[in-house]
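*Asks:* Give me the fold of what follows.
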Amino acid sequence: MSFREILARLCFGWLTVFLGGIAASAAERPDVLFIAIDDLNDWTGCLGGHPQASTPHLDRLVARGTLFANSHCAAPACNPSRAALMSGLRPFASGVYDNGQPYGGPLKDVMTLNRYLMREGYKVVGGGKIYHGGGGLPGENETDWHEYFNRGGDPHPPVKSISGLGMAHFDWGPLDAADEAMGDYRLVSWASEQLQKRHDQPLFLAVGFVKPHLPWYVPRKYFDMFPLETIQLPVVKADDLADVPAAGVKMARPDGDHQAVVTRDQWKHAVQGYLATIKFLDEQIGRLLEAVDASGRGDKLLIVLWSDHGWHLGEKQHWRKFALWEEAARAPLAFIVPGVTRPKTRCDAAVDLMSIYPTLVDLIGLPIPEHVQGPSLRLLLENPQAAWERVGLTTHGRGNHAVRDRHWRYIRYADGSEELYDHRTDPDEWTNLAGQSEHAAVIRRLAAQLPAEEAADAPREKAKPKADRRAKKPRPARAAEKD
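*Replies:* Numbering: from 1, shown residues only. Now for the predicted structure:
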């Protein structure tokens, strides 16, 4: 045998071993269960946002790993929050600031999380609401998902508005329907089937719950769990907007939703509806957790659970998200990582949802793409008490930002007006300290975290001609996604 033949065989052997090692490492990567929840604030047992919130299944899931109790969204609206989380680009980098800006153009060539994992050998399947309006980018193709499940819509009541407000899907009330009729129930049934399947590739399973998004219509039994006469309203301060700049008051819109709710005596009914819808969601999470335990995946399943932003129910005379205060910006986040996290662990460091993408790929042994703007949370997962100098950064419209660290929330609006709250003494953000000179150093430190440059607004969705709008029938499954 010639030297050349010997060298060729050796090179072939080394190459075989090398490629075999790559294949083995890919096959050994953990499966991922990626749980997204729409419009869930801190009204959970583990976060304690409301004394009547009942979420035993969610709490049981979170207790398996690390809860980030001081986590915040990139944007307090479905579309920009999800576009940022899945792409790794903050709103002021992509230009996607609100729900009226389709993300398909700005993210067309971006290596999104699902695209990256697919490229790296994962079986990438999803269902429900992951991106705003559903699954992937407009015109999604084989490079986005291997499979995507449309959960379908929910049943609607026989009347147009149960609350009597007549404000589109800003409504609540019981349905005379079974759980099985709900879209999120079908979503869990589908996800359970996926967990039972076996593939040659590691699995990335994205499960996007739509509830507790409006309208708060769920089966009657969940409303019955929260009798109206027992409902506790959020603790509010009547003149809470007195020290808020005009830009903040404009976001609050006290003469809009809040005035309508109070005038029609619907505040307790609305709180009841939100609690009932969260309870329904929790039951579906319980079903999903049962499927996880029955799947036999055990210590090879990495789970991340998140909500896209928080929600106001009358705090600061504001409803919905669309603001930069704690109730709108704070969002549940938890990681369960075999071999890394410990059960019943809580981390109080300030983080935001931009860390989900880099943390996930870091944990499964992939390099973090250069364009991804958030830091990996691996350090905090390994040691929740580790020193952490990062902050949570939330953007609502170009030029409007909030910075949250362990103790402070600082807000600066596009017109330069400011708010500052000390959460050690003012967890409800009732007293704006921005005008007090003794806090100037705090403001300088937090303001340094704001972006020096901001992308122009991405193109907005064009309104359809009135004739076209009249010709098409309404689609209840998508109506809730406009908020």
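*Asks:* Touching, residue 165 and residue 259? I think so.
*Replies:* No: the criterion here is Cβ atoms under 8 Å, and residue 165 misses it with residue 259 at 10.8 Å. Heads up, the C-betas are built off the backbone N, CA and C, glycines and all.
*Asks:* out of the two, which sits in the busier spot?
*Replies:* Neighbours of residue 165 and residue 259, each counted by other Cβ atoms under 10 Å, are more numerous for residue 165; the result is 18 against 12.
*Asks:* which SS state does residue 290 fall under?
*Replies:* Assigned by DSSP: H, G, I helix; E, B strand; the rest coil, the conformation of residue 290 is helix.
*Asks:* mind listing the strands for the stretch 251-400 of the chain?
*Replies:* For the stretch 251-400 of the chain, the strands defined by DSSP state E, counting those that start in this stretch cover 301-307, 312-313, 319-320, 333-336, 345-347, 351-352, 392-395.
*Asks:* okay, these in JSON lines with distance to residue 80 and mean neighbour count next?
*Replies:* Formatted as JSON lines, those follow (distance: least, Cβ to Cβ, whole Å; neighbours: other Cβ atoms under 10 Å):
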{"stretch": "strand 301-307", "distance to residue 80": "15", "mean neighbour count": "23"}
{"stretch": "strand 312-313", "distance to residue 80": "17", "mean neighbour count": "24"}
{"stretch": "strand 319-320", "distance to residue 80": "14", "mean neighbour count": "22"}
{"stretch": "strand 333-336", "distance to residue 80": "17", "mean neighbour count": "26"}
{"stretch": "strand 345-347", "distance to residue 80": "25", "mean neighbour count": "20"}
{"stretch": "strand 351-352", "distance to residue 80": "13", "mean neighbour count": "26"}
{"stretch": "strand 392-395", "distance to residue 80": "8", "mean neighbour count": "28"}
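*Asks:* Format those as TSV; extra columns: mean pLDDT.
*Replies:* What follows is those, written out as TSV (pLDDT from 0 to 100):
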stretch	mean pLDDT
strand 301-307	98
strand 312-313	98
strand 319-320	98
strand 333-336	98
strand 345-347	98
strand 351-352	98
strand 392-395	98
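*Asks:* export those to CSV and tack on distance to residue 49?
*Replies:* What follows is those, written out as CSV (distance: least, Cβ to Cβ, whole Å):
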stretch, distance to residue 49
strand 301-307, 12
strand 312-313, 10
strand 319-320, 15
strand 333-336, 14
strand 345-347, 15
strand 351-352, 18
strand 392-395, 17
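*Asks:* Residue 224: which of those is closest?
*Replies:* Smallest distance to residue 224 across the strands of the stretch 251-400 of the chain (Cβ to Cβ): 20.2 Å, for strand 312-313.
*Asks:* which residue ranges form the strands in the stretch 1-150 of the chain?
*Replies:* Assigned by DSSP E, counting those that start in this stretch, the strands in the stretch 1-150 of the chain fall at 31-37, 66-68, 71-72, 123-128, 147-149.
*Asks:* Just tell me which of the strands of the stretch 251-400 of the chain ends up closest to residue 171.
*Replies:* Checking those against residue 171 by Cβ to Cβ gives strand 319-320 as the closest, at 12.1 Å.
*Asks:* Tell me how many other residues crowd the closest residue in space to residue 345 that isn't next to it in sequence.
*Replies:* Distance criterion Cβ to Cβ, 6 or more residues apart in numbering; nearest residue to residue 345, sequence neighbours excluded, is residue 66 at 4.3 Å. Residue 66 has 25 neighbouring residues, counting by other Cβ under 10 Å.
*Asks:* Residue 151 now?
*Replies:* Neighbour number of residue 151 under other Cβ under 10 Å is 24.
*Asks:* What's the separation between residue 394 and residue 158?
*Replies:* Residue 394 is 39 Å from residue 158, where distance means Cβ to Cβ, to the nearest Å.
*Asks:* secondary structure class for residue 173?
*Replies:* strand.
*Asks:* My read is that it contacts residue 220, right?
*Replies:* No: judged on Cβ under 8 Å, residue 173 makes no contact with residue 220 at a distance of 9.1 Å.
*Asks:* of those two, who's got more company?
*Replies:* A count of neighbours by other Cβ under 10 Å puts residue 173 above the other of residue 173 and residue 220, at 20 against 12.
*Asks:* Excluding chain neighbours, give the residue nearest to that one in space.
*Replies:* Nearest to residue 173 is residue 162, by Cβ to Cβ, 6+ apart, at 3.0 Å.
*Asks:* which stretch of helix or strand covers the one you found?
*Replies:* Counting by DSSP states H and E, there is no helix or strand that carries residue 162.
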